[in-house]
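Asks: when you get a sec, could you give me coordinates for this:
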Amino acid sequence: KGGVELKVNEVVRNKEERKGMKAVECHKCKEFMDVAFDGFNIPRDKICKECSRHRYTHTPPSTPEGWMEVGINSQLSQMIKEKAIPLEGKDPEGNLGVGRRRTSR
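Replies: Numbering: from 1, shown residues only. A predicted model of the protein is given here:
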């Protein structure tokens with residue numbers, strides 16, 4: 001009726017049905033397989049089909065880099081990486097650093 005077809009991945013709990021689904025490797029799985037199967041003469045798609053837990057009817061799009069880095073925690077992490085906030089001790093104004101816990105008095 002002129003609408004957009006939605007690609008929905010239904011939950012499949014049947015083991016045999018899941019084996020027939022398309023196996024996809026996420027970036028963490030890719031990193032693991034690069035290390036674990038380095039030097040083996042086994043096609044990557046065969047490894048993925050045999051052991052991947054990521055199975056879909058329709059392959060979802062990849063999550064963009066930095067997508068999950070939102071909010072104040074990511075801003076603090078970035079400031080710590082840039083050494084704008086000291087981790088230990090006191091900063092020049094005498095405030096406690098982010099990485100130090102206050103002890104009870």
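Asks: all strands for the chain, in order.
Replies: For the chain, the strands defined by DSSP state E cover 22-23, 55-56.
Asks: ok, which of those strands comes nearest residue 44?
Replies: Closest approach to residue 44 among the strands of the chain is made by strand 22-23 (10.6 Å; Cβ to Cβ). From N, CA and C alone the C-beta is placed, and that goes for glycine too.
Asks: strand partners (parallel or antiparallel) of that closest one?
Replies: strand 55-56 (antiparallel) (DSSP bridges).
Asks: what's the strand it pairs with in contact with?
Replies: Strand 55-56 has contacts (Cβ atoms under 8 Å, 6 or more residues apart in numbering) with 9, 12, 18, 21, 22, 23, 24.
Asks: among the residues you listed, who's most crowded?
Replies: For the contacts of strand 55-56, the largest number of neighbours (other Cβ atoms under 10 Å) sits with residue 23, at 20 neighbours.
Asks: contacts only, for that one.
Replies: So residue 23 contacts 45, 48, 49, 52, 54, 55 (Cβ under 8 Å, 6+ apart).
Asks: okay, and the beta partners of it?
Replies: Applying DSSP bridges, one finds that residue 23 bridges with residue 55.
Asks: and the strands of the chain as TSV, adding mean pLDDT and distance to residue 29?
Replies: Compiled in TSV, the strands of the chain are given as follows (pLDDT from 0 to 100; distance: least, Cβ to Cβ, whole Å):
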stretch	mean pLDDT	distance to residue 29
strand 22-23	88	10
strand 55-56	88	12
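Asks: show me which of the contacts of residue 23 are buried.
Replies: 48, 52, 55 (16 or more other Cβ atoms under 10 Å).
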